[in-house]
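In: Fold the following, please.
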Amino acid sequence: MKFTFKLFVCSLALMLALQCTAFAVHAAQPALKLGMTGDSVYTMQEKLYQLGYYSGRPDGVFGTGTFNAVIRFQTDYNLDTDGVVGLGTMQALEKLSSTAAADNSSPRALKQGMSGNGVLELQQKLKEIGYYQGELDGAYGSGTRIAVVNFQFDCNLNVDGIAGINTLEALNSYSATNKPVSRGLEVDRKAYIIVSFANQFLGVPYSWAGSSPSGFDCSGFVYYVFGQNGISLPRMADQQFNTGVPVSQLQPGDLVFYSTYAPGPSHAGIYTGNNKFIHASSGTGCVTLTSLSEPYYQARYLGARRVL
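Out: Okay, the predicted model is just below:
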């Protein structure tokens, strides 16, 4: 009896020691961030891909495409949106990817460019409640994105045109009797449609004098995004700076300007909310999201213009 009890105690102690060691190793794993490489980055990319946030091929390189995928994931799950995969973000990724693998479900986030049954079900739900008027084809095109934007706007969700878990849950529980009070007219719905359109170009290469989805420079990106949404702007950043109304309190869709490689307004971007702007950056080599508080840009900020 004593031997059995001792064996039980030893086994329990060993289990606890192993769990503590595993937790310590997991907690001690360095945060993954832009510029890092290796197996840990590769595994993280696979999880993001499985959940529908990363569209590239996992390669173990934490580049801007991975950074932007992490930002989207963190936004959807109310994590710190810093683009760094620390303990909290990694735990959320592991939990959600394990659940997705166990039930063989579709990606947890649906976005423009995707297709399949998950998108078809999304379109059906949006059509049932009057947000989607297009064909039920299972293809996530601009019409589906705009329908998602309008639904998110009316339900006080994060408005990004991506049907993440919060949006899908809101759709599943939606009814005319429990419809949330819309955020109303204090924010322009058109601005969110423009921002969601801009976001689909995250990761597109930077190209000097480029103004198409094959490659953008900063002002070419602004020119293209607004032009595709029916708003004509000048082509160059210094000319864009002279349009619209100067503003100090930023709203999504506002243009932000910086003095970078030349004196005066030589760099432009679009404010997306949450203290971030989207722009074609020669520094990162692609269209990316950047914090307004990043020291380089904070020191070179010239002002903002509202053209909506």
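In: which one is the residue nearest the centre of the chain nearest to, not counting chain neighbours?
Out: The centroid of the chain falls nearest to Arg72 when counting by CA atoms, centre = their mean (2.7 Å). With sequence-adjacent residues excluded and distances taken as CB to CB, 6 or more residues apart in numbering, Arg72 is closest to Tyr53, at 5.2 Å. For glycine as for every other residue, the C-beta is placed from the backbone atoms N, C-alpha and C.
In: does that neighbour sit in a helix or strand, and which one?
Out: For Tyr53, there is no helix or strand it lies in under DSSP states H and E.
In: Would you confirm that it contacts Ile71?
Out: No: assessed by CB atoms under 8 Å, Tyr53 is found out of contact with Ile71, at 9.2 Å.
In: more neighbours, these two?
Out: More crowded of Tyr53 and Ile71, by other CB atoms under 10 Å: Tyr53, with 25 against 22.
In: related to what we said a few turns ago, what's near enough to touch the residue nearest to the centre of the chain?
Out: Neighbouring residues of Arg72 by CB atoms under 8 Å, 6 or more residues apart in numbering: Tyr53, Ala109, Asp160, Ile162, Gly164.
In: State the distance from the fourth one to Thr37.
Out: Think Ile162. 27 Å (CB to CB, to the nearest Å).
In: The two: which has the busier surroundings?
Out: Ile162 (25 against 13).
In: which residue packs closest to the more buried one, ignoring adjacent ones?
Out: Setting aside the residues directly before and after it, Ile162 is nearest to Lys111 in space (CB to CB, 6+ apart), at 4.5 Å.
In: Next up, the contacts around that neighbour.
Out: Shown in contact with Lys111 (CB under 8 Å, 6+ apart): Gly52, Tyr140, Arg145, Gly161, Ile162, Ala163, Gln200.
In: What is the lowest-pLDDT residue among the residues you listed?
Out: Least confident entry in the contacts of Lys111, by pLDDT: Gly52, with 77.
In: what's the neighbour count on it?
Out: Neighbours of Gly52 (other CB under 10 Å): 22.
In: now do the one 10 residues further on
Out: Counted by other CB under 10 Å, the residues lying close to Phe62 total 24.
In: Now for it: which residues touch it?
Out: Leu32, Lys33, Leu34, Gly35, Met36, Thr37, Val41.
In: in the stretch 201-308 of the chain, which spans are strands?
Out: 211-212, 215-216, 245-247, 255-258, 267-273, 276-281, 286-291, 301-306 (DSSP state E, counting those that start in this stretch).
In: Could you tell me the angle between the fifth one and strand 286-291?
Out: With axes from the mean of the first three to the mean of the last three CA atoms, to 10 degrees applied, the angle from strand 267-273 to strand 286-291 works out at 60 degrees.
In: Pull the distance from strand 267-273 to the chain's centre.
Out: When distances are taken as CA atoms, centre = their mean, to the nearest Å, strand 267-273 is centred 15 Å away from the chain's centroid.
In: Show me what it packs onto, helices and strands only.
Out: helix 189-199, helix 218-227, helix 237-240, strand 255-258, strand 276-281 (3 or more CB pairs under 8 Å, 6 or more residues apart in numbering; DSSP states H and E).
In: Okay, buried residues for the first one please.
Out: By neighbour count with 16 or more other CB atoms under 10 Å, helix 189-199 contains the buried residues Arg189, Ala191, Tyr192, Ile193, Ile194, Val195, Ser196, Phe197, Ala198, Asn199.
In: outside of stretch 222-231, which residues touch it?
Out: So stretch 222-231 is contacted by 190, 193-194, 197-198, 201, 211-213, 216, 232-235, 237, 240, 255, 268-270, 307-308 (CB under 8 Å, 6+ apart).
In: which of those are buried?
Out: 193-194, 197-198, 201, 211, 216, 233, 237, 240, 255, 268-270, 307-308.
In: That concludes my questions; thank you for your assistance.
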